[in-house]
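**Student:** got a sequence here, can you model it:
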Amino acid sequence: MTIFGFEIDTEALWIVVGIILLCVEMMAPGMYLMFLGAAALFTGLLGYALPLSLPMELLIFAISSVGLVYVAKRWFEVYPILSTSPLLNARIAQMIGQTVTVVQPIEHGSGRVKVGDTVWSASGPDAPEGARMKITGAEGNCLEVEPLPALPEE
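**Tutor:** The predicted model follows:
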């Protein structure tokens, strides 16, 4: 194949594209570029083994790409990658159970509480400013809070 006046070996081009896709996967992981890269490498290696036309190489790449992505999707449904921090990107879920301080009285079911150095909207039973509450859930960006249980007296 000739591109910009240069004779290009399509099999080598497939292998280079496959390697580039694998490298991009390492820089921006998302799992699917890896399988497209593998399909490109497969197409290039098959092109070296068999005399294939460009349309046939494109067809092999398309079929192997779809096939590998489908197999990978099914594989990861059955064998998901378990995380040591499953709530890493779920900030509100991480807050459930934390004790917070009311900074704007909770009246008629809504007010504001301080979580760390941030103030959040909160809903729950009426509570005065300074009261300590426990986060029990969230609806959107509004934390659901309830009073802390009373400590048993000795």
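
**Student:** quick check: which ranges of this structure have low pLDDT?
**Tutor:** The chain contains residues with pLDDT under 70 at 1-3, 86-87, 151-154.

**Student:** so which residues of it form helices?
**Tutor:** Assignment of helices within the chain using DSSP state H yields the ranges 10-27, 32-49, 54-78, 91-95.

**Student:** nearest to residue 106, out of those?
**Tutor:** Residue 106 lies closest to helix 91-95 among the helices of the chain, at 16.5 Å (Cβ to Cβ). Yep, even glycine has a C-beta here, placed from its N, CA and C like the rest.

**Student:** which other helices and strands does that closest one contact?
**Tutor:** For helix 91-95, the packing partners by 3 or more Cβ pairs under 8 Å, 6 or more residues apart in numbering; DSSP states H and E come out as strand 132-139.

**Student:** hey, what's residue 132 bridged with?
**Tutor:** residue 101 (DSSP bridges).

**Student:** check contacts around it.
**Tutor:** Residues in contact with residue 132 (Cβ atoms under 8 Å, 6 or more residues apart in numbering) are 99-102, 147-148.

**Student:** what separation is there between it and residue 150?
**Tutor:** Here the distance between residue 132 and residue 150 works out to 11 Å (Cβ to Cβ, to the nearest Å).

**Student:** again with residue 115
**Tutor:** 22 Å.

**Student:** looking at it, residue 144 is touching residue 133, isn't it?
**Tutor:** No. Between residue 144 and residue 133 there is no contact under Cβ atoms under 8 Å: 9.8 Å.

**Student:** how is the chain divided into domains?
**Tutor:** What automatic domain parsing lists as the domains of the chain is 2-78, 91-147.

**Student:** now render the ones you listed as JSON lines, adding distance to residue 85.
**Tutor:** Output for those, formatted as JSON lines (distance: least, Cβ to Cβ, whole Å):
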{"stretch": "domain 2-78", "distance to residue 85": "16"}
{"stretch": "domain 91-147", "distance to residue 85": "9"}
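
**Student:** mind checking those for the one nearest to residue 84?
**Tutor:** Of all those, it is domain 91-147 that lies closest to residue 84, at 13.9 Å by Cβ to Cβ.

**Student:** any idea how far apart the tips of the closest one sit?
**Tutor:** Domain 91-147 has an end-to-end distance of 21 Å (Cα to Cα, to the nearest Å).
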